[in-house]
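Q: Please work out how this folds:
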Amino acid sequence: MVRPVGKHDNRNGPKMKRRKGQAKKKARLKRQSAERKAAMPQGAKKAVTAKRASKSAAAAPPPAAATE
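A: Below is the predicted model:
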């Protein structure tokens, strides 16, 4: 099979550039999130989620008593 060359080559067109850019962006985000997870200490994630839970519980108003 002969590859398209020059004028007929659509691998460097605007649509393909957008697709390549999107793929690079996804790869970059995935790599960065993995690096962040690796840099975080082992028990830090549990402590952060526990803090969030206690904050949201403190911020929420107490449930109203049901009257019959």
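
Q: Report the rounded mean pLDDT for the longest helix anywhere in the chain.
A: If you go by DSSP state H, the chain has its longest helix at helix 14-39. Averaging pLDDT along helix 14-39 gives 94.

Q: how much space between N12 and P4?
A: 11 Å (Cβ to Cβ, to the nearest Å). Just so you know, the C-beta spots here come from the backbone N, C-alpha and C atoms, and that holds for glycine as well.

Q: Repeat that for K20.
A: In terms of Cβ to Cβ, K20 sits 17 Å off from P4.

Q: cool, and R52?
A: Distance, R52 to P4, by Cβ to Cβ: 54 Å.

Q: likewise Q42?
A: Applying Cβ to Cβ, the value for Q42 to P4 is 52 Å.

Q: Give me the more crowded residue out of the two.
A: P4 (9 against 6; other Cβ atoms under 10 Å).

Q: And the pLDDT for the more buried one?
A: At P4, pLDDT is 78.

Q: what about the closest residue to it other than its chain neighbours, which SS state?
A: Nearest residue to P4, sequence neighbours excluded (Cβ to Cβ, 6 or more residues apart in numbering): N10, at 7.1 Å. Following DSSP: H, G, I helix; E, B strand; the rest coil, N10 is assigned to coil.

Q: what's around N10, how many residues?
A: When neighbours are defined as other Cβ under 10 Å, N10 has 10 of them.

Q: confidence score at it?
A: The predicted local confidence for N10 is 83.

Q: unless I'm mixing things up, it is touching R3, no?
A: No. Look at N10 against R3 with Cβ atoms under 8 Å: they stay out of range, at 11.2 Å.

Q: For R3, which residues are in contact?
A: D9 (Cβ atoms under 8 Å, 6 or more residues apart in numbering).

Q: and the gap between it and K51?
A: Distance from R3 to K51, by Cβ to Cβ: 57 Å.

Q: returning to what we had before: quick check: buried residues in the longest helix of the chain?
A: Residues of helix 14-39 include none that count as buried (16 or more other Cβ atoms under 10 Å).

Q: Show me what that helix is packed up against.
A: With contacts taken as 3 or more Cβ pairs under 8 Å, 6 or more residues apart in numbering; DSSP states H and E, helix 14-39 sits against no other helix or strand.
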